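Visitor: Generate coordinates for the sequence data below:
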Amino acid sequence: MKKVMAVNCGSSSVKFKLYEMPEETVICSGIVERIGHDDAIFTIKYEDKKDTVIIPVKDHAVAVENVLNALIEKSIIKSLDDIKAVGHRVVQGGAYFDKSEPWNDDTYSKVESLIPLAPLHNKAHLVGYNAFKKVLPNVPQIAVFDTAFHQSMDAEDYTFPIPYEYTEKYQIRRYGAHGTSHKYLSQEGRKYLENPENDRMIICHLGSGASITATRHGKCVATSMGLTPLGGIMMNTRTGDMDPSVFYQIQAMTGKGYEEIFQEMNKKSGLLGVSGISNDSRDVENAAKNGDPRAILAIKLWARRIADYIGQYYVRLGGCDLIIFSAGIGENSSEFREAAIKNIEEALNVRLDEEANKNTNRGKEGIISLPSSKIKIVVIPTDEEVMIARDAYDICLK
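Guide: Here you go, the predicted model:
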């Protein structure tokens, strides 16, 4: 048994889970939020306990020190030597990486070169890696890329119809996201198939950030997110795909700069922008139940975009054997799931089990389609952290 840490560093946060491997037992988990402030929030869960403290955290290095000190102070580990490997989530691996890799000078420089494609994320991942390296200099670390799973796409699935020099010179193409989640779900989904050879899946990772992926034989065939997480389906605050001239038209009519409009499309659009209520899907759902017309429109629009991609990927795969719903909305909102499924019900001959759908929330897993449904529909809670821990164990410790 060896202890492995899975880490997800954001621009102002460090999320972590400590596992006993290869048993995949979660020993503890937690998050440091508001890094860079005097009132940062450090939460740690262990042994059915949850401790939260407000402390000053100057930077990621201090956050990591606080996390590791807490593990010892709370007797979760005896010493830092107990931690045998660390796996880091990295959002953007570009075309360089189709699998997880050990951190070394080459990995570091390539992740750094991709900062323009994910400026907030990749920079934060490097800061997190450096922080752990400082405190645990002799512990092997790996990078687990969100984009790696999607590297199996054909060129006609990832190439944009723009002047090809931009594709070649600036690496502008479809990379996708949530690949670690989609890979996990493609593996877990196989247990629901009577014939695993028929494993054409449409996987809906529907959280605040959301993407849909078509898989065959456990490989990504196509995915909805594009160059950045702004592309694909409508999300809580992101537009998803739309006519590119909308950007130009808004700029011409308002006089706003491109950066301001880009931020609006990332942070003030989607469910929030259409409803005018909230970036939290639960608030929009409650408003819709109370008859708010813009909230109702927002949910209908969201559901239609989900259906558009499911239909597109049904054609791309030449059929579908399993549809999976996962992540925050996909796992927890029966209403949002129903809205999406109603849009594909007639065309794809799917049948929702309304009772099962209502009862499959808050971490529950199960089938939500009727036996008469042509395609089986399931809810599977995702687990990106265990995939990171598995790769860290396999690469560093096996």
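Visitor: which residues in the stretch 101-250 of the chain form helices?
Guide: Counting by DSSP state H, counting those that start in this stretch, the stretch 101-250 of the chain has helices at residues 105-113, 119-135, 155-158, 164-170, 179-189, 245-254.
Visitor: Tell me which of the ones you listed sits nearest to Gly226.
Guide: Across the helices of the stretch 101-250 of the chain, Gly226 has its closest neighbour in helix 155-158 (9.1 Å, C-beta to C-beta). (Glycine included, C-beta is placed from N, CA and C.)
Visitor: Give me the residues contacting the closest one.
Guide: Residues from elsewhere that reach helix 155-158, judged by C-beta atoms under 8 Å, 6 or more residues apart in numbering: 150, 173-175, 221-222.
Visitor: circling back: save the helices of the stretch 101-250 of the chain as a markdown table, and put in mean neighbour count too.
Guide: Shown next, in a markdown table, are those (neighbours: other C-beta atoms under 10 Å):
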| stretch | mean neighbour count |
| --- | --- |
| helix 105-113 | 15 |
| helix 119-135 | 19 |
| helix 155-158 | 13 |
| helix 164-170 | 11 |
| helix 179-189 | 23 |
| helix 245-254 | 12 |
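Visitor: any chance of these in JSON lines, plus distance to Asp391 and mean pLDDT?
Guide: Compiled in JSON lines, the helices of the stretch 101-250 of the chain are given as follows (distance: least, C-beta to C-beta, whole Å; pLDDT from 0 to 100):
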{"stretch": "helix 105-113", "distance to Asp391": "13", "mean pLDDT": "93"}
{"stretch": "helix 119-135", "distance to Asp391": "15", "mean pLDDT": "85"}
{"stretch": "helix 155-158", "distance to Asp391": "23", "mean pLDDT": "95"}
{"stretch": "helix 164-170", "distance to Asp391": "29", "mean pLDDT": "93"}
{"stretch": "helix 179-189", "distance to Asp391": "9", "mean pLDDT": "94"}
{"stretch": "helix 245-254", "distance to Asp391": "37", "mean pLDDT": "94"}
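Visitor: Switch those helices over to JSON lines; also include distance to Val62.
Guide: Conversion of those to JSON lines gives the following (distance: least, C-beta to C-beta, whole Å):
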{"stretch": "helix 105-113", "distance to Val62": "21"}
{"stretch": "helix 119-135", "distance to Val62": "8"}
{"stretch": "helix 155-158", "distance to Val62": "39"}
{"stretch": "helix 164-170", "distance to Val62": "36"}
{"stretch": "helix 179-189", "distance to Val62": "27"}
{"stretch": "helix 245-254", "distance to Val62": "39"}
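Visitor: Which one, of those helices, ends up nearest to Lys2?
Guide: Of all these, it is helix 119-135 that lies closest to Lys2, at 16.6 Å by C-beta to C-beta.
Visitor: What is the closest one packed up against?
Guide: If contacts are counted by 3 or more C-beta pairs under 8 Å, 6 or more residues apart in numbering; DSSP states H and E, helix 119-135 sits against strand 2-9, helix 60-73, strand 83-90, helix 105-113, strand 141-145.
Visitor: Can you point out the buried residues in the third one?
Guide: If you call a residue buried by 16 or more other C-beta atoms under 10 Å, then strand 83-90 has these buried ones: 83-90.
Visitor: And the contacts of helix 155-158, which is closest to Val386?
Guide: When the contacts of helix 155-158 are compared against Val386 (criterion: C-beta to C-beta), the nearest one is His150, at 19.6 Å.
Visitor: The closest residue to that closest one other than its chain neighbours: neighbour count?
Guide: Ranked by C-beta to C-beta, 6 or more residues apart in numbering and with sequence neighbours excluded, the top spatial neighbour of His150 is Gly176, at 3.7 Å. Neighbour count of Gly176, defined by other C-beta atoms under 10 Å: 27.
Visitor: Pull out the buried residues from the lengthiest helix in the chain.
Guide: With secondary structure taken from DSSP state H, the chain has its longest helix at helix 293-317. By 16+ other C-beta under 10 Å, the buried positions in helix 293-317 come out as 295-296, 298-299, 301-303, 305-310, 313-314, 316-317.
Visitor: of the helices and strands packed on helix 119-135, which approaches Glu331 most closely?
Guide: Distance to Glu331, taken as C-beta to C-beta, is lowest for strand 2-9 among those, at 18.0 Å.
Visitor: Please state the offset of the closest one from the chain centre?
Guide: Its chain's C-alpha centre lies 17 Å from the corresponding centre of strand 2-9 when counted by C-alpha atoms, centre = their mean, to the nearest Å.
Visitor: And stretch 223-236, by the same measure?
Guide: What separates the centre of stretch 223-236 from the centre of its chain is 11 Å, taken as C-alpha atoms, centre = their mean.
Visitor: So what touches it?
Guide: Stretch 223-236 is contacted from outside by 117-118, 150, 153, 160, 172-179, 182, 208-214, 238-241, 265-266, 270-272, 279-281, 301-302, 305-306, 308-309, using C-beta under 8 Å, 6+ apart.
Visitor: Could you name whichever residue is most remote from the centre of the protein?
Guide: Met253 (34.4 Å; C-alpha atoms, centre = their mean).
Visitor: which residues touch that one?
Guide: Met253 neighbours (C-beta under 8 Å, 6+ apart): none.
Visitor: Which of the contacts of helix 155-158 ranks first by neighbour count?
Guide: Each of those was scored by neighbour count (other C-beta under 10 Å); the top score is that of Tyr175, with 30 neighbours.
Visitor: before we move on, the earlier item: and the contacts of helix 155-158, which is closest to Lys133?
Guide: Proximity of the contacts of helix 155-158 to Lys133 (C-beta to C-beta) peaks at Tyr175, which lies at 26.1 Å.
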